[in-house]
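Undergrad: Sequence and predicted structure below; questions after.
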Amino acid sequence: MNVGDRHFRTIWLNEDGRSVDIIDQRWLPHELRVETLKSANDAATAIRDMWVRGAPLIGVTAAYGVALQMRTDPSDVALDAVWDTLHATRPTAINLKWALDEMRALLRPLPEAERAAAAYRRASELADEDVELNRGIGRNGLALIRAIAARKKPGETVNILTHCNAGWLATVDYGTATAPIYLALEEGIFVHVYVDETRPRNQGAQLTAWEMAGHGVPHTLIVDNAGGHLMQRGAIDMVIVGTDRTTANGDVCNKIGTYLKALAAYDNHVPFYVALPSPTIDWTIADGLRDVPIEERDGDEVSLVWGRAPDGTLCQVRISPDATGAANPAFDVTPARLVTGLITERGVAEASAAGLKALFPEKAKASAA
Ligand SMILES: CSC[C@H]1O[C@H](OP(=O)(O)O)[C@H](O)[C@@H]1O
């Protein structure tokens, strides 16, 4: 997306043709910092410590991490070791394993001398494919926004709530939940986005709000607990969120707090959509509550908050007593029954095994549902 007059992706090959540049998202919205990953371990750190985050972007970063390793040591042992190292960084987003499996399946049969070039090529392809998948999600989600706009009076706004950041910063470009919003704005539809701050790391307040402001999308930051209140008062026309792993029967794992939004939407008859590229579907599991691993992150992410001090410096402040420990589950699971539809690159699927198989028939045999 454009940042000022410069187009950015979230990750790209450095001009040296070997290292990999990323936007280090920890410092947004206050500073746009680019970091250079020079090794697979750098890529692992960037994923684990959330310099980059978001399921599709995690996958592409891991793919480049494999390429960085193949340039250093293209052996089978190194290939397996880097798969293990990168896979261990974060447990929930299925795109991580999907990308690592893609890379290993490609590289294993190749002579070692050919592996580095093939790995960089494939990582670049995965990045480009992500952009195209998101464009497809955008087109399919746009139709839903158009339909809501058509039921409104001329000039009335379509009010959309989103949780966390499933924007271009969570992918290589365009985003998943935000792709339809960007297209709606470009089409002249009056859209407005309520942005959940999304505690504890505030991906909404820091990242989604930054994206919306940068792209000129009218938006309002709200605390996570305000969404139900707004839905009760008819202020929300639809909810669009992303996902880190959706099961074969449509259970949706996403940032903590998503389930509560889905409950409020269900109770207030607000359409609740989930935007996802097909690599985010885990066809091997059906029961999300039972089978999706939920990442438990450091409690300090709850107790400490980053921000800009009055003197302009970035700092962390503690918001709870030193003696108070904090629990920090990073994701929750929304049962398929609460999901209105899954916006994919191939169309909008019912959140069910049948709905997903109808759009992805080639996955039917592999489906656990
Ligand atoms: C398009 S995937 C975005 C997804 O990833 C976020 O999690 P995190 O920031 O911890 O990587 C969040 O669940 C978003 O919905």
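TA: That came through, no problem.
Undergrad: what's the pLDDT at the closest residue to residue 288 other than its chain neighbours?
TA: In space, and not counting its chain neighbours, residue 288 is closest to residue 251: 2.8 Å by CB to CB, 6 or more residues apart in numbering. Backbone N, C-alpha and C define where each C-beta goes, glycine included. Turning to residue 251, the model gives it a pLDDT of 98.
Undergrad: Surely residue 251 and residue 337 touch.
TA: No. Contact criterion CB atoms under 8 Å: residue 251 and residue 337 do not qualify, at 9.1 Å.
Undergrad: The two: which is more packed in?
TA: Using other CB atoms under 10 Å as the criterion, residue 251 and residue 337 rank with residue 251 on top: 27 against 11.
Undergrad: Need phi/psi at that one.
TA: Phi and psi for residue 251, reported as degrees, to the nearest 10, are phi -70, psi 140.
Undergrad: Give me the distance between it and the ligand.
TA: According to CB to the nearest ligand atom, to the nearest Å, residue 251 stands 14 Å off from the ligand.
Undergrad: Please apply the same query to residue 300.
TA: With distances taken as CB to the nearest ligand atom, residue 300 is found 15 Å from the ligand.
Undergrad: how about the nearest residue to that residue, chain neighbours excluded?
TA: Nearest to residue 300 is residue 326, by CB to CB, 6+ apart, at 7.3 Å.
Undergrad: That neighbour contacts residue 303, doesn't it?
TA: Yes. Counting by CB under 8 Å, residue 326 sits close enough to residue 303 to count as a contact (5.0 Å).
Undergrad: Show me which of these two is the more surrounded one.
TA: Between residue 326 and residue 303, counted using other CB under 10 Å, the more crowded position is residue 303 (19 against 15).
Undergrad: so what's that one scoring on pLDDT?
TA: Reported pLDDT for residue 303: 98.
Undergrad: How about the helix ranked longest in the chain and the ligand, any contact?
TA: The residue-count maximum for a helix in the chain (DSSP state H) belongs to helix 112-150. No. Helix 112-150 is not in contact with the ligand by CB under 6 Å from any ligand atom; minimum separation 8.7 Å.
Undergrad: if you average pLDDT over that helix, what comes out?
TA: Rounded mean pLDDT across helix 112-150 is 98.
Undergrad: Number of residues surrounding the residue in the stretch 251-369 of the chain that the ligand sits nearest to?
TA: Using CB to the nearest ligand atom, the point where the stretch 251-369 of the chain gets nearest to the ligand is residue 255, with a distance of 3.4 Å. By other CB under 10 Å, 28 other residues sit near residue 255.
Undergrad: With the one 10 residues further on instead?
TA: Residue crowding around residue 265 was assessed by other CB under 10 Å; the count is 24.
Undergrad: For the residue nearest to residue 300, give me phi and psi.
TA: According to degrees, to the nearest 10, residue 326 has phi -130, psi 140.
Undergrad: tell me the pLDDT at it?
TA: Reading off the model, residue 326 has pLDDT 98.
Undergrad: do the same with residue 230
TA: At residue 230, the model reports a pLDDT of 98.
Undergrad: Which neighbouring residues are in contact with it, exactly?
TA: The contact partners of residue 230, by CB atoms under 8 Å, 6 or more residues apart in numbering, come to 161, 194, 222, 236.
Undergrad: if you set the cut-off to 10 Å instead, what comes out?
TA: Each residue near residue 230 by CB atoms under 10 Å, 6 or more residues apart in numbering is listed here: 159, 161, 194, 220, 222, 236, 264, 268, 270.
Undergrad: surely the second one meets residue 197?
TA: No. Counting by CB atoms under 10 Å, residue 161 does not reach residue 197; the two are 12.0 Å apart.
Undergrad: more crowded one of those two?
TA: Comparing residue 161 with residue 197 by neighbour count (other CB under 10 Å), the higher total belongs to residue 161, at 27 against 22.
Undergrad: of all the residues in the stretch 101-250 of the chain, which ones are close to the ligand?
TA: Proximity of the stretch 101-250 of the chain to the ligand (CB under 6 Å from any ligand atom) is limited to residues 164, 166, 170-171, 176, 203, 241-242, 244.
Undergrad: Same list, the residues you listed, but as JSON lines with secondary structure please.
TA: Formatted as JSON lines, these follow (DSSP: H, G, I helix; E, B strand; the rest coil):
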{"residue": "164", "secondary structure": "coil"}
{"residue": "166", "secondary structure": "coil"}
{"residue": "170", "secondary structure": "helix"}
{"residue": "171", "secondary structure": "coil"}
{"residue": "176", "secondary structure": "coil"}
{"residue": "203", "secondary structure": "helix"}
{"residue": "241", "secondary structure": "strand"}
{"residue": "242", "secondary structure": "coil"}
{"residue": "244", "secondary structure": "coil"}
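Undergrad: May I see the domains of the protein written out as residue ranges?
TA: Residue ranges for the domains of the chain, per automatic domain parsing: 2-129, 139-368.
Undergrad: ok, back up a step: helix or strand next in line after the longest helix of the chain, which one?
TA: strand 158-162 (DSSP states H and E).
Undergrad: Give me the mean pLDDT for that next one.
TA: Mean pLDDT, computed over strand 158-162, is 98.
Undergrad: and the stretch 251-369 of the chain, which of its residues are near the ligand?
TA: Near the ligand, when you scan the stretch 251-369 of the chain using CB under 6 Å from any ligand atom, you find 254-255, 330.
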